[in-house]
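A.B. asks: Build me a structure from this.
(one chain, ligands or ions: 1)
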Amino acid sequence: MGRIILHIDMDAFFAAIEERDNPRFAGKSIDIGADPKGERGRGVVSTANYEARKYGIGSAMPISWAYKANPDAIFLPPDFRRYSASSRNIMAILGKYAKKMQQVSVDEAYLEVTGSKLQVTSYKKAEEIARKIKKEIWEKEKLTCSIGIGPNKLIAKIASDEQKPDGLTIIKPNQVKNFLDPKLASVIPGIGPKSFAALKDIEVETISDLRKIPKEKLVEQFGVHGNQMWAMARGQDERIIEEEREIKSVGKQTTFQHDIKTSGPIVKAAFELLHGVFGELKESGLSGKTLIIVVRYAWFETHTSQETQDEALTLKDAKRLCLKLLLPYLGKERIRLVGVRISGLFN
Ligand SMILES: [Mg+2]
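C.D. replies: Predicted structure coming up:
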């Protein structure tokens, strides 16, 4: 059984967040980036939403061109604080679904789902995970992503771009050749505009063309990169998932319909959240030693309280600790929100 890799890429990430947070932008063309200052603005477009792309506007295009293409668009400076808050939430969701994860940018990550405690052994199962991820990101962040599934990073990455936005593309090993054949050689990492121009000189436009060039010739012309081009034209890619971050905690919280003071329903809600958290931990094959509880009063004052035990917390331990930590907050003031979190995670 080979590897199964998922590549998750958020759709027009910055622009999608602005649309989500500003309902009045619905259906409008949005360019995030430099100030166009009429046509005199310098700098570039960082992200354009799908409406703006209809005017041919895209990332890295000079902002003055974007202005010329559609002066009626909404031009916004990027608000990285908001974008990274969303990114953190999304990466935390992704982290639960695989033991190995590599975040490659603010809105992109690779997950390896084989060899994890999830015991993914088929593309069918990998597809189920992808659907769960899409659903959870939509439910929690109201954003869409596109996911590619394949036998390595190369295929997963190209597949995630296949059906944007909100796409899910699965390429099994026996489909790799047909999938790659018609694609431009420039979709291969390392083939930038310069190499692509050089390839065109030897009549290579598509990956199928590239596959016809002997390895020696590619190495002669492109040096060590020639080896990689040759392998990738055949859908081969041994690059591993380089993990830089571990999942640090799993938590849930709930806001009550009405602020409440009675202890019973608050404890009950906290216990239900714990059941959910333990379900997720079990799915990811993780355990934790620290329980953190969050209590927010009706006027938004928020308290957290935590306790760590020497061994992995069982659900029973967590409930006992939860009750102990909650008690000081109960029966006094009206409570708006309760949350639980398990941290100090390990496999
Ligand atoms: Mg993206």
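
A.B. asks: give me the low-pLDDT residue ranges for the stretch 1-150 of the chain?
C.D. replies: Residue ranges of the stretch 1-150 of the chain with pLDDT under 70: 1, 115-119.

A.B. asks: what ranges do the helices span in it?
C.D. replies: 13-21, 50-53, 63-69, 80-95, 123-141 (DSSP state H, counting those that start in this stretch).

A.B. asks: right, so those helices: which one is the most enclosed?
C.D. replies: Mean neighbour count (mean count of other CB atoms under 10 Å) peaks for helix 13-21 among these, with a mean of 21. Yep, even glycine has a C-beta here, placed from its N, CA and C like the rest.

A.B. asks: name the helices or strands packed onto it?
C.D. replies: strand 30-33, strand 45-48, helix 80-95 (3 or more CB pairs under 8 Å, 6 or more residues apart in numbering; DSSP states H and E).

A.B. asks: So which residues lie in contact with the last one, not counting its own?
C.D. replies: For helix 80-95, the surrounding residues in contact (CB atoms under 8 Å, 6 or more residues apart in numbering) are 8, 10, 13-14, 17, 21, 101, 103, 106-107, 109, 111, 133, 136-137, 140-141, 143, 145, 245-247, 284.

A.B. asks: Count the residues that sit near Lys96.
C.D. replies: Close neighbours of Lys96, defined as other CB atoms under 10 Å, add up to 18.

A.B. asks: Surely it and Ser284 touch.
C.D. replies: Yes. Between Lys96 and Ser284 there is a contact under CB atoms under 8 Å: 5.1 Å.

A.B. asks: and the stretch 1-150 of the chain, which residues reach the ion?
C.D. replies: Proximity of the stretch 1-150 of the chain to the ion, by CB under 5 Å from the ion, involves residues Asp9, Met10, Phe13, Asp107.

A.B. asks: Among the residues you listed, the buried ones, what's the ChimeraX command?
C.D. replies: To isolate the buried members of these in ChimeraX, using 16 or more other CB atoms under 10 Å:
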select :9,10,13,107
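
A.B. asks: of all the residues of the stretch 1-150 of the chain next to the ion, which two lie farthest apart?
C.D. replies: Using CB to CB, these span at most 8.5 Å, a distance reached by Asp9 and Phe13.

A.B. asks: intersection of neighbour lists for these two?
C.D. replies: Asp107.

A.B. asks: I'd like to know how many residues surround the closest residue to Gly190 other than its chain neighbours.
C.D. replies: Take Gly190 and drop its neighbours on the chain: the residue closest to it by CB to CB, 6 or more residues apart in numbering is His225, 5.3 Å away. When neighbours are defined as other CB under 10 Å, His225 has 16 of them.

A.B. asks: how far away is His225 from Glu108?
C.D. replies: Distance, His225 to Glu108, using CB to CB, to the nearest Å: 23 Å.

A.B. asks: Kindly report the same for His275.
C.D. replies: Here the criterion is CB to CB. By it, His275 lies 32 Å from Glu108.

A.B. asks: His303 contacts Tyr329, correct?
C.D. replies: Yes. With contact defined as CB under 8 Å, His303 reaches Tyr329; the gap is 6.5 Å.

A.B. asks: the more surrounded of those two?
C.D. replies: More crowded of His303 and Tyr329, by other CB under 10 Å: Tyr329, with 18 against 12.

A.B. asks: could you pull out the helices for the stretch 201-347 of the chain?
C.D. replies: Going by DSSP H, counting those that start in this stretch, the stretch 201-347 of the chain shows helices at 207-211, 215-222, 224-233, 263-284, 315-326.

A.B. asks: Switch the ones you listed over to JSON lines; also include mean pLDDT.
C.D. replies: Shown next, in JSON lines, are the helices of the stretch 201-347 of the chain (pLDDT from 0 to 100):
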{"stretch": "helix 207-211", "mean pLDDT": "98"}
{"stretch": "helix 215-222", "mean pLDDT": "94"}
{"stretch": "helix 224-233", "mean pLDDT": "93"}
{"stretch": "helix 263-284", "mean pLDDT": "92"}
{"stretch": "helix 315-326", "mean pLDDT": "96"}
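
A.B. asks: Nearest to the ion, out of those helices?
C.D. replies: Closest to the ion of the helices of the stretch 201-347 of the chain is helix 224-233 (CB to the ion; 21.3 Å).

A.B. asks: so what are the domain limits for this protein?
C.D. replies: Split into domains by automatic domain parsing, the chain comes to 5-13+81-174, 15-78, 181-233, 249-346.

A.B. asks: for these, which one ends up most surrounded?
C.D. replies: domain 5-13+81-174 (a mean of 19).

A.B. asks: In this structure Lys99 contacts Leu345, no?
C.D. replies: No. Lys99 lies out of contact with Leu345 (CB under 8 Å); the separation is 11.3 Å.

A.B. asks: Give me the nearest residue to Ile133, chain neighbours excluded.
C.D. replies: Closest to Ile133 by CB to CB, 6+ apart is Tyr97, at 5.8 Å.

A.B. asks: got a list of what that neighbour touches?
C.D. replies: Leu111, Val113, Leu118, Ile129, Lys132, Ile133, Ser284.

A.B. asks: correct me, but the second one touches Ile129?
C.D. replies: Looking back up the chat, that one is Val113. Yes. Contact status for Val113 versus Ile129: in contact at 5.8 Å, counting by CB under 8 Å.
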